[in-house]
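Asks: got a structure for you, letters missing:
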């Protein structure tokens with residue numbers, strides 16, 4: 001259990017130090033590059049999944065599973 005706490009604290013620290021990307025302005029009919037947006041937010045999603053999986057709550061596990069599905073789908077749509 002102590003290992004999980006230490007790992008969670010390390011992941012939380014990484015998330016705190018990460019810079020949040022600027023919001024993308026979207027307007028009707030504008031073309032956007034969804035893969036560029038995905039590449040920008042992907043590190044946040046991946047760290048969030050890892051952190052959520054360490055929490056002992058069912059809601060955290062469900063949210064981690066949902067984010068993992070999103071991660072898998074976006075990675076197949078926007079290969080690196």
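Replies: Structure's in. What do you need? Keep in mind that what you see is a predicted model, and the values were worked out from it rather than measured.

Asks: and stretch 27-42, average pLDDT?
Replies: For stretch 27-42, the per-residue pLDDT values average out at 85.

Asks: Pull out the buried residues from that stretch.
Replies: Along stretch 27-42, these residues count as buried under the neighbour rule (16 or more other CB atoms under 10 Å): residue 38. (Each C-beta comes from the backbone N, C-alpha and C, glycine too.)

Asks: how far is it from where the chain is centred?
Replies: Taking CA atoms, centre = their mean, to the nearest Å, one finds stretch 27-42 lying 15 Å from the centre of the chain it belongs to.

Asks: Dead centre of the chain: give me the residue that sits there.
Replies: residue 45 (0.5 Å; CA atoms, centre = their mean).

Asks: What are the neighbouring residues in contact with it?
Replies: For residue 45, the contacting residues are 67, 70-71, by CB atoms under 8 Å, 6 or more residues apart in numbering.

Asks: Give me the buried subset of those residues.
Replies: Buried by 16+ other CB under 10 Å: 67, 71, out of these.

Asks: Can you pull the phi/psi pair for the residue of the chain most remote from its centre?
Replies: Relative to the mean C-alpha coordinate of the chain, counting by CA atoms, centre = their mean, the farthest residue is residue 29 (27.2 Å). Phi and psi for residue 29, reported as degrees, to the nearest 10, are phi 80, psi -10.

Asks: ditto for residue 27
Replies: Phi and psi for residue 27, reported as degrees, to the nearest 10, are phi -130, psi 160.
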